[in-house]
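> Predicted model and sequence follow; I will ask about them next.
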Amino acid sequence: MAFAYPIVLILLAVPLVLIVVQWRSHTRALPLPFDRGRVGHSRWLAGVLNVVNTLPLLLLACVILILAGPRTFETPESKRKMTNIMFVLDVSGSMMADFGSGDRYEVAMDSLNDFLTYRKGDSFSLMVFGDDNLRWIPLTSDVSAFQCAPPFLHPMSLPHWFSGGTSIGKALRQARKYLITAEEGDRMVILLSDGESFDLGDGNDTRVGNELKDDGITVYTVHIGSGGAPAEVAVISAITGGETFAAGDPEALKVVFRRIDEMAQAPLERLTPDPIDNFGPYLIAGLSIAGVYLLTLFGLRYTPW
């Protein structure tokens, strides 16, 4: 039990001293239904009167405790630590290839939005890339913008100079610049692409992977389409502590997102309990004491004559 104003508790000495004085005094008289009646001596009647006369002092103690601001603490809760997740989505021309009932881009966006429906408590961002890259959605916990994005980012809607190639290394370096601005939470990149990148050769994959690792960014690579992911992006994922997946059909892509969600669960962090007022027990005790004392005033009180 804690108190907001513990200094007030010093006043409890007043009712304590008065209770001691009350019980050390010699109370023998008990009033009868008629005035000035003769009263005999009785130890048990004196005890009853002492108890009754102690009740106002106990009520005073309850008032002092209430003025001291009694507090208790809420039960500590736990929540999952936030993760800052950036989707880096390939929008090169090859993403228009047939893939299930749509093309690779459309299925990738559908699976991404499906992932957002069950991944709670995180911040998300979306970057698209081809030869160049564009952060379409900054880090946010409001995922409504992702649902509106597909028509605007389709490769057919983008200029040729933007979506004519696949520069994965350039896109990952740009994603790193955005993610390191997040002041709290883990950092993760989910790379969705169907092709190889010309800018990851000559050891550049290792350099990019180490840059991301140094900033605590984990990369999960999802290769969309037939075959396996390029070796260079697999190297980047391995260096950062992530994994590489291949999704040969739309259903496999959804399974991959589920698998990433299971693997990338952030640890739980314990919330500090907040203090809350706890007047209830003292109010109940005070009202009970006042009620009992009121009943005793109907015929049980000490008179000095």
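Perfect, thanks for sending it.
> hey, let's count contacts and neighbours off CA atoms from now on
Will do.
> And residue 187, how close does it get to residue 157?
The gap separating residue 187 from residue 157 is 30 Å, by Cα to Cα, to the nearest Å.
> Compare the two (neighbour count), which wins?
residue 187 (21 against 11; other Cα atoms under 10 Å).
> Which secondary structure state does residue 108 sit in?
Put simply, residue 108 is helix when judged by DSSP: H, G, I helix; E, B strand; the rest coil.
> Quick check: buried residues in stretch 139-159?
Neighbour counts over stretch 139-159 (16 or more other Cα atoms under 10 Å) mark 139, 143, 146, 150, 153, 154, 155, 158 as buried.
> Contact partners for the last one?
Residues touching residue 158, when contacts are defined by Cα atoms under 8 Å, 6 or more residues apart in numbering, are absent altogether.
> which residues in the stretch 1-150 of the chain form helices?
If DSSP state H, counting those that start in this stretch is used as the criterion, the helices of the stretch 1-150 of the chain fall at 13-24, 43-67, 104-118, 144-148, 150-153.
> Which of the ones you listed sits closest to residue 194?
helix 104-118 (8.2 Å; Cα to Cα).
> Packing partners of the closest one?
Judged by 3 or more Cα pairs under 8 Å, 6 or more residues apart in numbering; DSSP states H and E, the packing partners of helix 104-118 are helix 250-263.
> ok, then the element right after the lowest-mean-pLDDT helix or strand in the chain?
Lowest on mean pLDDT, DSSP states H and E among the helices and strands of the chain sits strand 268-270, with a mean of 57. Per DSSP states H and E, the first helix or strand lying C-terminal to strand 268-270 is strand 275-277.
> any idea of the mean pLDDT for that next one?
Confidence for strand 275-277, expressed as mean pLDDT, is 79.
> go on, stretch 241-261?
89.
> List the buried residues of it.
242-248, 250, 253-254, 256-258, 260.
> next one: stretch 165-177
For stretch 165-177, the neighbour count (16+ other Cα under 10 Å) marks 165, 166, 167, 168, 169, 170, 171, 172, 174, 175, 176 as buried.
> Just give me the least confident of the residues you listed.
For those, the pLDDT minimum is residue 165, 85.
> Please give me every residue in contact with that one.
92, 93, 130, 131.
> give me that answer again for 6 Å
By Cα atoms under 6 Å, 6 or more residues apart in numbering, the residues touching residue 165 are 92, 130, 131.
> And the second one, how close does it get to residue 9?
The spacing between residue 130 and residue 9, counted by Cα to Cα, is 70 Å.
> before we move on, what about residue 161?
Residue 161 is 76 Å from residue 9, by Cα to Cα.
> And those two? Which one has more around it.
Comparing residue 161 with residue 9 by other Cα under 10 Å, the one with more neighbours is residue 9, at 16 against 10.
> Pull up the per-residue confidence for that one.
87.
> cool, and residue 80?
61.
> Likewise for residue 280?
On the pLDDT scale, residue 280 gets 87.
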